[in-house]
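Engineer: what shape does this take:
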Amino acid sequence: SGINAEYGGVGSSEALDRKAGLVALAVIAEGCGEYLVEHHLQECLKLAAGGLQDGSDEVRNAALYALGQFAEHLQPEISKYSGEILPILCSKISHEMGSENSALTRTYYALESLCENMGEKIVPFLPSLIEKLVSVLSGTGSNSSKEMAISAIGAVTSAAEQEIVPFLPQIMEHMKVYLMAPNSEEV
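Structural biologist: Below you'll find the model as predicted:
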């Protein structure tokens, strides 16, 4: 039998049950990733995607955590779904850009975990990813959100290798502020 919306409470009317089901899937991915990849990858992604649309912040955060765990532990197969996952994560960054909360942290966790393992598959996404991440650097968001964006740029750069070269002037233009700043805790 498959994993469906009733798995572990994911289909429950109670937000804490839905959260628990998604967190359980995330932990299972860490310990039993091979089995999930072989038998339930699409179902897991469908449940996480559904959780991202949930009306509860706790459930959406659990879905982001699950996506991060999937991206980290269900490689390389999950990279096949990067075309569906990356736009969702970029949208979440835009939505949470001005805030400093666990949703933003988990979004960046999922983004970095996915990007680190994409290799050349990241190339078609470079323009939109770089645009999104440098917009965080030039925005009025918190230092914490900018720090996470810089870390994500590192993951994107690592995956893209030489393909990042055309984007370096744009990245460096926004990084200058941080590279040229006097030694300060705020930077």
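
Engineer: my read: residue 178 touches residue 150, true?
Structural biologist: Yes - in this structure, residue 178 is within contact of residue 150 by C-beta atoms under 8 Å, at 7.3 Å. To be clear about C-beta, it is placed using only N, CA and C from the backbone, and glycine gets the same treatment.

Engineer: where does the protein have low pLDDT?
Structural biologist: Applying pLDDT under 70 to the chain picks out residues 1-11, 96-100, 181-187.

Engineer: mind listing the helices for it?
Structural biologist: 15-39, 41-52, 57-73, 82-96, 102-116, 126-138, 143-160, 168-179 (DSSP state H).

Engineer: and residue 178 and residue 150? Which one has more around it.
Structural biologist: Counted by other C-beta atoms under 10 Å, residue 178 and residue 150 do not tie: residue 150 has more neighbours, with 16 against 13.

Engineer: dump the residue contacts of the more buried one.
Structural biologist: Contact partners of residue 150, counting by C-beta atoms under 8 Å, 6 or more residues apart in numbering, are 137, 175, 178.

Engineer: one step back: mutual contacts of residue 178 and residue 150, please.
Structural biologist: With C-beta under 8 Å, 6+ apart as the test, residue 178 and residue 150 both reach residue 137.
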